[in-house]
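Enquirer: Got a sequence here, can you build the structure:
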Amino acid sequence: RGPAAVLALSFAPFEDALAVGTSAGLETVLVPGAGEAVFDSRLPNPFQGKRQRREGEVVALLDKLVPETVALAGPDFVGGVDADPVARREELRRVRAEAAAAAEARKKRRKKMRGKGKIGKRETGKEVVQKARERAMVRKEERGGDGGGEGGAEAAPGALRRFAKAKSRVTRAVDPN
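Expert: Numbers count the residues shown, from 1 in each chain. Predicted coordinates:
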């Protein structure tokens, strides 16, 4: 091969590669140590993270502003201490809880199980509850008591009779009924 005229040079920053364009073609040359992170701070950082990119955008936007337009909220703003941050947090928590309760109240009840809330099923359920109440009333009348828990051993179901309080003999003797 003979010497070729160099037409273009291109260096890939932060990678150890130099591309040389010649009249004979393209050649790449490795340059050890050129990839060290000593970079120009005015150029964008190829290794920047999400937070650093955001900070750079904010700095770029602030640089566009005229300095006279940037001001603090007041003379007491810098160095001021919040008097009672705990009470403020509690107030925010209370407001959020009220907002969540209001949103929950506005939310429409969702039927999660198909077929369970149909009108026929609801009516059947009401009938079952009504019949159970009627049976309980009939049992109460048959016992002759008002169902106030004074039934004693006779009112308790079979397996639970041994735990029921027996009526004292004194009350029976004194009671005219």
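Enquirer: What residues sit buried inside whichever helix or strand residue 56 is part of?
Expert: Here residue 56 is covered by helix 50-64, with elements defined by DSSP states H and E. When burial is assessed from 16 or more other Cβ atoms under 10 Å, helix 50-64 yields no buried residues. Backbone N, C-alpha and C define where each C-beta goes, glycine included.
Enquirer: Can you pull out the residues in contact with it?
Expert: Contacts to helix 50-64, defined as Cβ atoms under 8 Å, 6 or more residues apart in numbering, come from residues 44-45, 48, 70.
Enquirer: Residue 134: which of those residues is nearest?
Expert: Of all these, residue 134 sits closest to residue 48, with 77.9 Å by Cβ to Cβ.
Enquirer: following the helix holding residue 56, which helix or strand shows up next?
Expert: Using DSSP H and E, the helix or strand that follows helix 50-64 in sequence is helix 85-106.
Enquirer: C-terminal to that next one, which secondary structure element comes first?
Expert: Counting by DSSP H and E, the next helix or strand C-terminal to helix 85-106 is helix 119-143.
Enquirer: what's the pLDDT at residue 147?
Expert: The score at residue 147 is 48. That number is its pLDDT.
Enquirer: Same list (the contacts of helix 50-64) but as CSV, adding distance to residue 106 and secondary structure.
Expert: Below are these laid out as CSV (distance: Cβ to Cβ, whole Å; DSSP: H, G, I helix; E, B strand; the rest coil):
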residue, distance to residue 106, secondary structure
44, 48, coil
45, 48, coil
48, 45, coil
70, 42, coil
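Enquirer: Compare those residues and tell me which is most surrounded.
Expert: For the contacts of helix 50-64, the largest number of neighbours (other Cβ atoms under 10 Å) sits with residue 45, at 14 neighbours.
Enquirer: What pLDDT is listed against that residue?
Expert: pLDDT, residue 45: 75.
Enquirer: same check, this time on the one 3 residues further on
Expert: Among the per-residue scores, residue 48 shows a pLDDT of 84.
Enquirer: Skip the chain neighbours and tell me the closest residue to it.
Expert: residue 56 (7.1 Å; Cβ to Cβ, 6 or more residues apart in numbering).
Enquirer: That concludes my questions; thank you for your assistance.
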